[in-house]
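> after the sequence you'll find the predicted model.
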Amino acid sequence: MSNEVTGDLDWTDVRIYCDMSRFDGNQRTDGKWYDPHIEEAIDPKNTDDVDWQDCKSKLPTTFAYTHNPKGMKFSQIQICPWFLNYAKGKEYNTWEDVQKKTKLLNFAVPILSNGWPFTPIDAISLFDKVLLHELTHTRSGGGTKDVGGGNPLFFGGARYGWNQCKALAKKGVDSSAADQAPQRNADSIALLGSGTFSIL
């Protein structure tokens, strides 16, 4: 690759991880995980913008997450290994429950994208949409939010999916909460990208 970054990364760069090997052997006695890439000890259950253990939870509720470390450090996108397994459509093992999560998502996506709570556009190019969603959360991608106020039964009320994003757009901008505006919602932007790509 001619544009590959080989030197030090700065705060506008993004590093994407497909596994969690940077944490292997880096669990501390206080329960924190040391990330050697950003030289930071993080609490995997109590970080400002991400629950780092979600990729290892029993249910496949988190596909990926973005972390913007404090200071002038690069943004990090962690793709959950089980979701990468699903996206590739191949079987391989990284840890014990990866196969179970992949099989559950293979079963769930066609059902969930049949109109409630999701639609077919939510399932089209799902991996690409998730990656675009996460890129919009980075500093250089605009630092978007997962705007709340949606159905609390799904993703804690975050506005994920076509139906929720459409409802948010109809609601419009609340001048007292500009960071909760439709154009600040990561999934709204990701769906715009998916829709545009699918008609080209």
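Yes, it's here. Computed from a predicted structure; not experimentally measured. Numbers count the residues shown, from 1 in each chain.
> hang on, F118 in a helix?
No. Assigned with DSSP: H, G, I helix; E, B strand; the rest coil, F118 falls outside any helix and is coil.
> what's around it, how many residues?
20 (other Cβ atoms under 10 Å). The way it works is simple: take the backbone N, C-alpha and C, and place the C-beta from them, glycine included.
> same deal with D10?
D10: 11 neighbours (other Cβ under 10 Å).
> so it versus S176, what's the distance?
35 Å (Cβ to Cβ, to the nearest Å).
> G143 and H137 touch, don't they?
Yes. Counting by Cβ atoms under 8 Å, G143 does reach H137; the two are 6.8 Å apart.
> for the two, list the residues in contact with both.
Residues touching both G143 and H137 by Cβ atoms under 8 Å, 6 or more residues apart in numbering: N68.
> per-domain residue ranges of the chain.
1-94, 113-200 (automatic domain parsing).
> could you dump the ones you listed to TSV with mean pLDDT?
Output for these, formatted as TSV (pLDDT from 0 to 100):
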stretch	mean pLDDT
domain 1-94	79
domain 113-200	83
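> pick the most buried one from those.
Counting by mean count of other Cβ atoms under 10 Å, domain 113-200 has the highest mean neighbour count of the domains of the chain, with a mean of 17.
> in the chain, what residue sits furthest out from the centroid?
Distance from the C-alpha centroid of the chain peaks at T29, with 28.2 Å (Cα atoms, centre = their mean).
> which of the helices or strands spans that residue?
Counting by DSSP states H and E, no helix or strand carries T29.
> measure it to A41 for me?
11 Å.
> please, where are all the strands along the chain?
14-17, 33-35, 40-42, 64-67, 75-79 (DSSP state E).
> sheet-wise, list the partners of the longest one with their directions.
Looking back up the chat, that one is strand 75-79. According to DSSP bridges, strand 75-79 forms sheet pairs with strand 14-17 (parallel), strand 64-67 (antiparallel).
> can you put these in TSV and add distance to D54?
Shown next, in TSV, are these (distance: least, Cβ to Cβ, whole Å):
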stretch	distance to D54
strand 14-17	14
strand 64-67	7
